[in-house]
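**Q** Next one to model:
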Amino acid sequence: MPGRLPVLYLRSRALPATLATLAGIALLAAWAADWLQSRPQFDHTARVPVQVLAPLLAAAAIGTGLFSYTEELDRTAVRRWWPRRLTYLLALTALAAGALALAVPGHPEQFGAPAMVRNVLGATGVTAAAATVLGARASWLPMTVYGGAV
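**A** Below is the predicted model:
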């Protein structure tokens, strides 16, 4: 049974749905960035919507995986849960940053891959901080407000 514990933990965090969502976001970002480049009025600021919305969606998908149905049980558990949650958060953040950086290639001055990595790290950080304050179900809200302001 010890071999099944990581699988059960990852399923309880909705990992398959989160991975599918991140793949869909990366594909959508790649398509949108390519479409924006093909427009005749393209300049260096045309990718800004992709640079803002794709990390926002990725952070929201990652943030919902931080939800726990049994917070009281987590507090009384023999083993600490924060190392597993931190590993989960860092692995998904790295995966999302890599996938979105590949989806939007280019130089920093063209809002390319470095800007996308920076935005994914920032959005996921804000979402993780909001998950501790507001809870995981509403963790997407502060980043959405900020992304809407941008």
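**Q** Just give the nearest non-adjacent residue to residue 131, would you?
**A** The shortest distance from residue 131 to any non-neighbouring residue, by Cβ to Cβ, 6 or more residues apart in numbering, is to residue 139 (3.8 Å). Glycine gets a C-beta too; all of them are placed from N, C-alpha and C.
**Q** Confirm for me that the one you found is in contact with residue 127.
**A** Yes: here residue 139 reaches residue 127: they are 4.9 Å apart, a contact under Cβ atoms under 8 Å.
**Q** joint contacts of these two?
**A** Residues within reach of residue 139 and of residue 127 at once, by Cβ atoms under 8 Å, 6 or more residues apart in numbering, are 60, 63.
**Q** More neighbours: the two, which one.
**A** Shown here are residue 139 and residue 127; by other Cβ atoms under 10 Å, residue 127 has more neighbours (29 against 25).
**Q** Check which helix or strand the more buried one maps to.
**A** Using DSSP states H and E, residue 127 sits in helix 113-134.
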